[in-house]
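> Any chance you could fold what I've pasted below:
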Amino acid sequence: MATPVQIPALIKQKIAIFEHIQPEYEACFRFMQEVHGRERLASFSVAQVVYYLHALWLCECKDRLLSIYEHMRRYEGHHCLDLLQTWQEGRSAEVVAFLTGKLNMLSFTAITIQFEEARNQPGDQTLAHRLEHGRLVLFTRGMNLLHALEAIFSLSEDELVQQVRSACQEYHHTPAQIDVQLAELKTPLYAYRPHQLLAQQNMVAMNRLDVNVLAQSTDMPGERSWRAASPNEPLAPFAEQVISGYLELSVPIHDNRAVGIRFAECSETARSVPHVMKDNT
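Numbers count the residues shown, from 1 in each chain. Purely as a prediction, here's the structure:
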C-alpha cells in the first residue's frame, strides 16, 4: 500500500490563499494584458491606472504564493505598492516614470527595419507577418500609455490626488492597508518554497486563463516562422559531440578479436595509417 504523502502546512496555506484570490487575479491578469497591447483602450483614467498598479501587485502575489521565481520579480508588485503610497501623497513623477518604462519599451525604428528585411527575404514572409503584428502591439501599448498620461496631466494636483485616493480606497490600498500589504510580502507565505503541488496549481491556473503564445492568431499552427517551427523527427541526441579522430569499434577490421586486434587509434593527421594495440591475453 502506498504511503500517503505529507503536505507541509505552509504549502497548504499558500494554495488556500491563492484559491481565495484566484478570481480577482484572473481579472487583473486579463486587464494587464490589455494594457500591454492586446487591446487599445478608448481611455485610461486615473482610476484605471491605480487598478493597473493593483493588478501588477496581485500578479506578483500569485508568483510569490506559488513560488514561480526566487529572485526575479517580473511584475514589480512591491514597487507598485510604494508608488500607490507616494501617489496619494501628491507625488506623480515616480508613477509617470514607471508607466513609461513599462509601456514604452521598444523602438519602432528597430522593429520596422527588421520587418522590412524579413519582407524582402524569400521564405521569411511568415516572420515578416509576425513582426508586423508585433509592431501593432507595440503601437497599441504606446497609445495606452498616452491615454494614461493624458488622464494624469489633464487634472489639477488637488483633483489628481483626490481621484487617486478614491481609487486606492476602492481597491484596498489606503496608506494603512499598504503598510500591512508590504509587511505580508516579507512573511513565509510569500517566500520562495518550491513544491510539486504549487507548480501543478500554477499550470492549472494558466491553462484556465488560456494564456499562451498560441492564443495569438499570428502564432497559430501554419503561421509560425522557421524560428518557431515544429522540429524534425527523429531528434538528434541533446548532448551529441563529435570527437575528432574517433573510430567506432563496430568495424570488423578494427575490432576482430580472432586476429588479436582489439581497437585502433587514429589521429586526424595519420588517419590513413592507424596504430593498433594487440591483445596478448
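
> From the contact counts, what lies against the helix or strand residue 59 falls within?
Under the criterion of DSSP states H and E, residue 59 resides in helix 46-65. Packing contacts for helix 46-65, counted by 3 or more C-beta pairs under 8 Å, 6 or more residues apart in numbering; DSSP states H and E, involve helix 9-33, helix 77-87, helix 93-103, helix 125-153, helix 157-170. To be clear about C-beta, it is placed using only N, CA and C from the backbone, and glycine gets the same treatment.

> State the mean pLDDT of that helix.
For helix 46-65, the mean pLDDT works out to 97.

> Kindly report the same for stretch 102-120.
So the average pLDDT for stretch 102-120 ends up being 87.

> Give me the contact list for that stretch.
Applying C-beta atoms under 8 Å, 6 or more residues apart in numbering, the contact partners of stretch 102-120 are 35-36, 124-125, 127-128, 131-132, 134-135, 138-139, 141-142, 144-145, 148.

> host element of residue 67?
Residue 67 is located outside every helix and strand, with elements delineated by DSSP H and E.

> ok, it - contacts?
Contact analysis of residue 67 by C-beta under 8 Å, 6+ apart lists 14, 192, 193, 194, 195, 198.

> From the contacts of stretch 102-120, list the buried ones, please.
Of the members of the contacts of stretch 102-120, the ones counted as buried by neighbours, 16 or more other C-beta atoms under 10 Å, are 35-36, 124, 127-128, 131, 134-135, 138, 141-142, 144-145, 148.

> what would those residues look like in TSV with distance to residue 10 and pLDDT?
Output for the buried ones among the contacts of stretch 102-120, formatted as TSV (distance: C-beta to C-beta, whole Å; pLDDT from 0 to 100):
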residue	distance to residue 10	pLDDT
35	33	95
36	32	93
124	50	69
127	46	85
128	50	86
131	45	87
134	41	88
135	45	90
138	41	91
141	38	93
142	42	93
144	38	96
145	39	96
148	38	97
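
> Tell me which two in those residues are the farthest apart.
Greatest spatial distance among the buried ones among the contacts of stretch 102-120 (C-beta to C-beta): 124 and 148, at 35.3 Å.

> still on that earlier bit, determine which stretch of the helices and strands packed on helix 46-65 is the most buried.
helix 77-87 (a mean of 21; mean count of other C-beta atoms under 10 Å).

> Can you name every helix or strand that that one contacts?
Contacts defined by 3+ C-beta pairs under 8 Å, 6+ apart place helix 77-87 against helix 46-65, helix 93-103, helix 157-170, helix 175-184.

> distance between that helix and the chain's centre?
Counting by C-alpha atoms, centre = their mean, to the nearest Å, helix 77-87 is centred 22 Å from the centre of its parent chain.

> same deal with stretch 69-86?
Using C-alpha atoms, centre = their mean, the distance between the centre of stretch 69-86 and that of its chain works out at 16 Å.

> avg pLDDT for that stretch?
92.

> So which residues make contact with that stretch?
So stretch 69-86 is contacted by 50, 53-54, 56-61, 63, 94-95, 98, 164, 168, 173, 175, 178, 181-182, 185, 192 (C-beta under 8 Å, 6+ apart).

> How far does that stretch stretch from one end to the other?
Taking C-alpha to C-alpha, to the nearest Å, the first and last residues of stretch 69-86 lie 27 Å apart.

> cool, stretch 185-202 as well?
By C-alpha to C-alpha, the extent of stretch 185-202 from end to end equals 19 Å.

> Now do the buried residues in it.
Neighbour-count burial for stretch 185-202, counted by 16+ other C-beta under 10 Å, picks out 185, 189, 190, 193, 195, 198, 201, 202.

> where does the stretch 151-281 of the chain dip in pLDDT?
With pLDDT under 70 as the threshold, the stretch 151-281 of the chain has low-confidence stretches at 210-281.

> redo that, cut-off 50
For the stretch 151-281 of the chain, the stretches flagged by pLDDT under 50 are 213-214, 221, 264-281.

> Residue 125 and residue 186: what is the separation?
Residue 125 sits 51 Å away from residue 186, going by C-beta to C-beta, to the nearest Å.

> Check residue 39 too.
The gap separating residue 39 from residue 186 is 35 Å, by C-beta to C-beta.

> Repeat that for residue 28.
Noted for residue 28: a distance of 22 Å to residue 186, by C-beta to C-beta.

> can you check residue 51 too?
Relative to residue 186, and taking C-beta to C-beta, residue 51 is found at 25 Å.

> Could you list which residues are in contact with the closest residue to residue 45 other than its chain neighbours?
Nearest-residue entry for residue 45: residue 151, 5.2 Å, with adjacent residues in sequence omitted and distances by C-beta to C-beta, 6 or more residues apart in numbering. Residue 151 makes contacts with 43, 44, 45, 46, 48, 49, as judged by C-beta under 8 Å, 6+ apart.
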